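Engineer: show me how the following folds:
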Amino acid sequence: MPGFEIFGKEEKEQVLEVLDSGVLFRYEFAAQRKGVWKVAEFERAFAAYTGAAHAQAVSSGTAALKVALAALGVGAGDEVITQGFTFVATWEAILDCGAVPVFTEVDLTLNMDPADLERKITPKTRAILPVHMMGAPARIEAIKAIADRHGIPVLEDTAQAAGGRLHGRHLGTFGAIGTFSFDAVKTITTGEGGMCITDDESLWRRMSEYQDHGHDHVPNPGGRGGEGRPFIGLNYRMMEIQGAIGLAQLAKLDRIVAAQQENKRWFAEAVRVLPGVSFREILDPAGDSATFLTFFLPDREQCDRVSRVLREQGAAA
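Structural biologist: Sure, this is the predicted structure:
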């Protein structure tokens, strides 16, 4: 149930406020924008929703990973441990920093295997990047404990798990930074967009600067052109229209997740009759974002047959 399926008057009203202001850029133009700062408002709302101290909106989930890795100081020659089963953006962002992705096996959660993580740590390991793949939590508490023991920061790729929780705590808040994606088919969408959350103010400031060409965003008489630049950054800014849509979508997120959980329960009961079927391990069903139902069948032939029948009935598989 991607967020675009429930676009309504709320999204339209938020976007119209931006268009009426005439300002699409998230910074500056205070006199012209009539008090409308949608991206900043979305950041505050997302931080409050997840319980994080800070949130930094960016242009995509991939950008969120790149900005977070840059804030953690990942660079040439470093190693970043992630899992073999993930979307390409996870390791693309690592490579784009000049670092080397090191892949772990996955366990029955289909996420990072903590035992294999321990084996993959080397003196070059700069960060550990577990992914809450297909909306379900990794063993993030065990992963974080291993990382802490080695003094290595954890970056949570929560792109596919917005609204997910583990024992009541939001996914994305266990590590030093959590990243999210709001692309076209995510649980909430801004068309393209992403978010980084953290409790560490210094990390947040570095992310804020890096995603906007290094601008430090300290007000000064010279305006935007006179801001300091502590380091070189790039342009990963979110636009005001994206922030507006994000605000409307965020207000619907818990409702979307509840609907997904109900849909997933229904589908799980339907496929439970298949011979030899087993299900992916979900660590906390109550906190499952329920983006996907993942199950295993005994052989390739049966998988192909079930997949074909589901597609014929209009169910993506």
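
Engineer: grab the nearest non-local neighbour of L117.
Structural biologist: Nearest residue to L117, sequence neighbours excluded (C-beta to C-beta, 6 or more residues apart in numbering): T104, at 5.2 Å. Bear in mind the C-beta positions are built from the backbone N, C-alpha and C, glycine included.

Engineer: what does the pLDDT read for the one you found?
Structural biologist: Per-residue pLDDT puts T104 at 98.

Engineer: count the residues that sit near it.
Structural biologist: 23 (other C-beta atoms under 10 Å).

Engineer: go on, N263?
Structural biologist: Look at N263: counted by other C-beta under 10 Å, it has 13 neighbours.

Engineer: helix/strand/coil for it?
Structural biologist: helix (DSSP: H, G, I helix; E, B strand; the rest coil).

Engineer: so how far is T294 from it?
Structural biologist: Using C-beta to C-beta, to the nearest Å, N263 is found at 14 Å from T294.

Engineer: follow-up on the earlier one: surely the residue nearest to L117 touches D113?
Structural biologist: Yes. Assessed by C-beta atoms under 8 Å, T104 is found in contact with D113 at 5.6 Å.

Engineer: what residues are shared contacts of those two?
Structural biologist: Q83 (C-beta atoms under 8 Å, 6 or more residues apart in numbering).

Engineer: how is this protein divided into domains?
Structural biologist: Taking automatic domain parsing as the reference, the chain has its domains at 3-253, 256-312.

Engineer: buried residues in stretch 91-101?
Structural biologist: For stretch 91-101, burial by neighbour count (16 or more other C-beta atoms under 10 Å) applies to W91, A93, I94, C97, A99, V100, P101.

Engineer: tell me the helix or strand right after the helix or strand harbouring the third one.
Structural biologist: Read that as I94. Counting by DSSP states H and E, the element that carries I94 is helix 88-96. Next helix or strand after helix 88-96 toward the C-terminus (DSSP H and E): strand 100-104.

Engineer: show me the contact partners of that next one.
Structural biologist: 77-84, 90-91, 94-95, 112-113, 116-117, 120, 122, 124-125.

Engineer: name the strands paired with that strand and say parallel or antiparallel.
Structural biologist: strand 79-83 (parallel) (DSSP bridges).

Engineer: okay, the angle between the partner strand and helix 88-96?
Structural biologist: Orientation check (axes from the mean of the first three to the mean of the last three C-alpha atoms, to 10 degrees): strand 79-83 against helix 88-96 gives 170 degrees.

Engineer: could you export strand 79-83 as CSV, CA atoms only?
Structural biologist: In CSV, the C-alpha atoms belonging to strand 79-83 read as follows (Å, rounded to 0.1, in the frame of the first residue of the first chain):
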residue,chain,number,x,y,z
GLU,A,79,35.4,-0.4,4.6
VAL,A,80,31.7,-0.3,5.3
ILE,A,81,30.0,-3.6,6.3
THR,A,82,26.5,-4.1,4.9
GLN,A,83,24.4,-7.1,3.9
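
Engineer: quick one: G35 from S21, how far?
Structural biologist: Counting by C-beta to C-beta, the gap from G35 to S21 is 8 Å.

Engineer: and these two? Which one has more around it.
Structural biologist: Counting neighbours by other C-beta under 10 Å for G35 and for S21 shows that S21 has the greater number, 17 against 7.

Engineer: give me the neighbour count for F103.
Structural biologist: F103, neighbours per other C-beta under 10 Å, totals 16.

Engineer: cool, the one 4 residues further on as well?
Structural biologist: Summarising burial for D107: neighbours were counted as other C-beta under 10 Å, giving 16.

Engineer: my read is that it contacts P130, right?
Structural biologist: No. Counting by C-beta under 8 Å, D107 stays clear of P130, with 11.4 Å between them.

Engineer: so what secondary structure elements neighbour the helix holding I94?
Structural biologist: The elements that helix 88-96 packs onto, with contact taken as 3 or more C-beta pairs under 8 Å, 6 or more residues apart in numbering; DSSP states H and E, are helix 61-71, strand 79-83, strand 100-104.

Engineer: only the C-alpha atoms, please, for that helix, written as CSV.
Structural biologist: C-alpha atoms of helix 88-96 as CSV (Å, rounded to 0.1, in the frame of the first residue of the first chain):
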residue,chain,number,x,y,z
VAL,A,88,21.7,-1.3,-5.0
ALA,A,89,21.6,2.2,-3.5
THR,A,90,23.2,0.8,-0.3
TRP,A,91,26.5,-0.1,-1.9
GLU,A,92,26.3,2.6,-4.5
ALA,A,93,26.5,5.2,-1.8
ILE,A,94,29.4,3.4,-0.2
LEU,A,95,31.3,3.2,-3.4
ASP,A,96,30.6,6.8,-4.2
